[in-house]
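Peer 1: Dropping a prediction and its sequence here:
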Amino acid sequence: MTMSNRDTYIAKMKLQLDELDAQMDALEAKAKDAKEEARAKYKEQMANLRHQSALAKSKLDGLKAATEDAWETTVAEMEKIRDAFKHSFSYFKSQL
């Protein structure tokens, strides 16, 4: 992968993660308005989402530092983490 393609991919992945974080902030505000018993469940799920976000950002940092030899493997891992994060986020959003 050329350096410009690599930089484009990294920028695209960062943008996707930033968008998910912004949507999580909006959902967190909405969850605060939930009934008392639901709030604890939302708080637990939000903590899980924040953890997945941190994992994804950590993997993105690894992607930035990946050697050419490790690039494809790191991209595959990044996409798995991102997809799991997006899936968890979609599930949480559907519960509100």
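Peer 2: Here it is on my side, so go on. Numbers count the residues shown, from 1 in each chain.
Peer 1: Listing request: residues of this structure with sub-threshold pLDDT.
Peer 2: Applying pLDDT under 70 to the chain flags the ranges 1-3, 96.
Peer 1: wait, residue 10 sits on residue 63?
Peer 2: Yes. Under the criterion of CB atoms under 8 Å, residue 10 lies in contact with residue 63, with a separation of 6.0 Å. (C-beta placed from N, C-alpha, C; glycine too.)
Peer 1: Which parts of the strand or helix carrying residue 86 count as buried, going by neighbours?
Peer 2: Residue 86 is part of helix 68-95 when elements are defined by DSSP states H and E. With burial defined by 16 or more other CB atoms under 10 Å, the residues of helix 68-95 counted as buried are 74-75, 78, 81-82, 85, 88-89, 92.
Peer 1: Give the burial count for the residue lying closest to residue 31 once chain neighbours are set aside, as a bare number.
Peer 2: Nearest residue to residue 31 in three dimensions, chain neighbours excluded: residue 42, at 3.8 Å (CB to CB, 6 or more residues apart in numbering). Other residues lying near residue 42 total 18 when counted by other CB atoms under 10 Å.
Peer 1: what about residue 42, distance to residue 90?
Peer 2: Relative to residue 90, residue 42 is positioned 15 Å away (criterion: CB to CB, to the nearest Å).
Peer 1: what does residue 12 give?
Peer 2: In this view, residue 12 and residue 90 are 19 Å apart by CB to CB.
Peer 1: Please consider this matter closed, and thank you.
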